[in-house]
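Asker: After the sequence you'll find the predicted model.
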Amino acid sequence: MLENEITPRIFIAATRQNDGKTTTSLGLVAALRKRFHKVGYIKPVGQRYVEVSGLKIDEDTVLINETYNPGLPLEAMSPIAISPNFTRDYLERGQPGELRARVENAFNRAAWEQEFVVIEGSGHAGVGSVFDMSNAQVASALQSKAIIVSRGGVGGPIDEIALNLALFEKYQVPVVGVVLNKVLPSRIAELRPYAEKGLAKLGLPLLGIVPFNGELRKPTMNQICQELGGRFIAGEKGKRRRVNKIHIVTMTSRHVEMLFDPNSLIIVAGDREDIVLAVLSANQESRQIAGVVLTHGMEPQPDIIRIMQAHNVPFIAVRQEAYDVAAKINDMTVKTEPGDNEKIALIQKLIEENINIDAIITAAWMK
């Protein structure tokens, strides 16, 4: 049962995955903390989770918890984590209302003594419908108003917003506005008036346009290691280094130094010890590369690895071939990691400067 009907709250939805819900939520919590003493957070339904003290906790919840330390129980901030067989188990044995009660009870705890609560959704308005907990249903159960985050544009994005709006309206969830995300800075001035007119036809205000920033798409060495299922054999302390450029090395060590751009990633067969030594001898603070991926399931000899471990260059060993590695890195979705302070600070700045925070607060307070 939902006991807390007083604390102002806002539900962050999106038109699709990776449109910017977590980025918006992360920045919004920071902006709200400048205006309120205590800001709560909950992600009722999480699709990607990690194990924390035996609990399945959504990874975005871990990010918020480690960034802001709201002092809330993790299980209250992440009551439902979708495991591989979750949907099948629910369709076979789930009881209607069971998940809703779990989310309502979690919200009661997450909102306890808070002055504002950010509720982060999972994908578009219909995600979770198969187990009776779509984003629209969750927002309705928590008596929250919603914001829709969409990619930048006029035609396609507004069509998608209209589809999401229809489902929120079905469950009587007021949508208070739209945030357009990842818009090229050079297009913002041109886009804004048309976006405002298009959204006005749906009865929605434009709450902000967040400019595209390439830094947010650059993966860290740690994220690349996880994406490739690899392991650090040296330089793990440099796992936060961000990759700007990728080079697949096929040349001799005599010419390879021309590829050692600052923050570049070198991909090379694991038995190319000559390249490994060239990297170590050339790497300097002024032109520090991000790291090296050693491919084909091969590694240098133990004496070379000991030399590698005496330096601060990250080396990752993987089983894949070089071009498979490059393709997978190019296609990966780059999330924000806990402890990635530079990126988090950039997100906070982008949200504070480009979204009308006060309009969100006013809308959340209005009955």
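Answerer: Done, it's in. Numbers count the residues shown, from 1 in each chain.
Asker: for the protein, longest strand please?
Answerer: Counting residues, the longest strand found in the chain (DSSP state E) is strand 175-183.
Asker: Next, the buried residues of stretch 28-48.
Answerer: By 16 or more other Cβ atoms under 10 Å, the buried positions in stretch 28-48 come out as 28-33, 38-47. Using the backbone N, CA and C atoms, a C-beta is placed for each residue, glycine as well.
Asker: For that stretch, measure first residue to last.
Answerer: 21 Å (Cα to Cα, to the nearest Å).
Asker: chain center to that stretch: distance?
Answerer: 14 Å (Cα atoms, centre = their mean, to the nearest Å).
Asker: from the buried residues of stretch 28-48, which two are the most distant?
Answerer: Using Cβ to Cβ, the buried residues of stretch 28-48 reach their maximum pairwise distance at 38 and 47, which is 27.6 Å.
Asker: Name the residues of the helix or strand following the longest strand of the chain that come out as buried.
Answerer: Beyond strand 175-183 on the C-terminal side, the first helix or strand identified by DSSP states H and E is helix 188-200. For helix 188-200, burial by neighbour count (16+ other Cβ under 10 Å) applies to 188, 191, 195, 198-199.
Asker: Domain parsing of the chain, as residue ranges.
Answerer: Listed by automatic domain parsing, the domain ranges of the chain are 9-212+337-365, 219-331.
Asker: so how far does the last one reach from one end to the other?
Answerer: So that's domain 219-331. 11 Å.
Asker: Make residue 1 into 4 and carry on from there
Answerer: Done: numbering now begins at 4, and the last item shifts to domain 222-334.
Asker: If you average the pLDDT over it, what comes out?
Answerer: Averaging pLDDT along domain 222-334 gives 91.
Asker: same thing with the first one?
Answerer: Averaged over domain 12-215+340-368, pLDDT sits at 94.
Asker: Need the nearest residue in space to residue 20, chain neighbours excluded.
Answerer: Leaving aside its chain neighbours, residue 20 sits nearest to residue 126 (4.9 Å; criterion: Cβ to Cβ, 6 or more residues apart in numbering).
Asker: Kindly provide the distance from that neighbour to residue 141.
Answerer: Using Cβ to Cβ, to the nearest Å, residue 126 is found at 12 Å from residue 141.
Asker: before we move on, what about residue 240?
Answerer: With distances taken as Cβ to Cβ, residue 240 is found 40 Å from residue 141.
Asker: Of these two, which one has the most company?
Answerer: Neighbour tally, residue 240 and residue 141, criterion other Cβ atoms under 10 Å: the higher count belongs to residue 141, 32 against 10.
Asker: didn't the more buried one look like it was pressed against residue 130?
Answerer: No. Taking contacts as Cβ atoms under 8 Å, residue 141 lies outside contact range of residue 130: 9.7 Å.
Asker: intersection of neighbour lists for these two?
Answerer: 48, 124 (Cβ atoms under 8 Å, 6 or more residues apart in numbering).
Asker: what are the ranges of the strands in the stretch 154-303 of the chain?
Answerer: Ranges of strands in the stretch 154-303 of the chain, per DSSP state E, counting those that start in this stretch, are 178-186, 209-214, 234-237, 248-251, 267-272, 294-298.
Asker: picking up where we left off before, let me have the domains of the chain in TSV, extended by distance to residue 5.
Answerer: As requested, these are exported to TSV (distance: least, Cβ to Cβ, whole Å):
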stretch	distance to residue 5
domain 12-215+340-368	4
domain 222-334	37
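Asker: coming back round to it: tilt between the longest strand of the chain and strand 209-214?
Answerer: Put simply, strand 178-186 runs at 20 degrees to strand 209-214, going by axes from the mean of the first three to the mean of the last three Cα atoms, to 10 degrees.
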